[in-house]
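Peer 1: sequence plus predicted model, see below.
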Amino acid sequence: MSTEQRSTFLKEMGISEWSLRQAGPAFTPEELPQDSSSNSESQKDQTNLEPRVYWLFYGKTPTGDAELLFKNIVRALGLLPSEWEWRLVSNTSVPDTHLPCVAFAFGQEAAQSLSGEREPLESLRDVVLELAGHDIPLVASFDLTHLLAKPSDKALAWQDLLLARSVLQSL
């Protein structure tokens, strides 16, 4: 079976294929901004790879082990520094990008605030919401500190990330 045939079959079954690509340079704790309205231009210049997607991550600014967990999530997703930004919940402005974009809310408070919904997180997960009246898909998941306290929920959070990734692929 050729690679092309395999890809076709996997897509028909709803299975997304991931391919490795050169990730941008590792980032340091200082590079996680409080509220980056646009990921710093200096980070964009650090790599010659063209960004393909754009992620908006929302929640309380992670520190300590939560920050390390978030960095590992970014690495696992294979995101370049120019393909994501961390935002506080109060920043719902539309990003200045032509790339397909998805918003990802860490925690119930962020998910409710960004979507305008009042249901508990358990009801907001596994559903594609909309970011505060914008035409940007929003996926909700557990807060990073919750994932550290209850590691068994990391698999569920990974499913949420995969949902967000599949939404991006369909845009």
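Peer 2: Cool, got the structure.

Peer 1: separation between the nearest residue to residue 159 once chain neighbours are set aside and residue 103?
Peer 2: Nearest-residue entry for residue 159: residue 126, 7.7 Å, with adjacent residues in sequence omitted and distances by Cβ to Cβ, 6 or more residues apart in numbering. Using the backbone N, CA and C atoms, a C-beta is placed for each residue, glycine as well. Here the criterion is Cβ to Cβ, to the nearest Å. By it, residue 126 lies 16 Å from residue 103.

Peer 1: how about residue 56?
Peer 2: 4 Å.

Peer 1: who's more crowded, these two?
Peer 2: Counting neighbours by other Cβ atoms under 10 Å for residue 56 and for residue 103 shows that residue 103 has the greater number, 28 against 24.

Peer 1: buried sites along whichever strand or helix holds the more buried one?
Peer 2: Following DSSP states H and E, one finds residue 103 within strand 101-106. Going by neighbour count (16 or more other Cβ atoms under 10 Å), the buried part of strand 101-106 is 101-106.

Peer 1: okay, now the sheet partners of that strand, with direction.
Peer 2: Using DSSP bridges, the strands paired with strand 101-106 are strand 54-58 (parallel), strand 137-141 (parallel).

Peer 1: no more questions from me, cheers.
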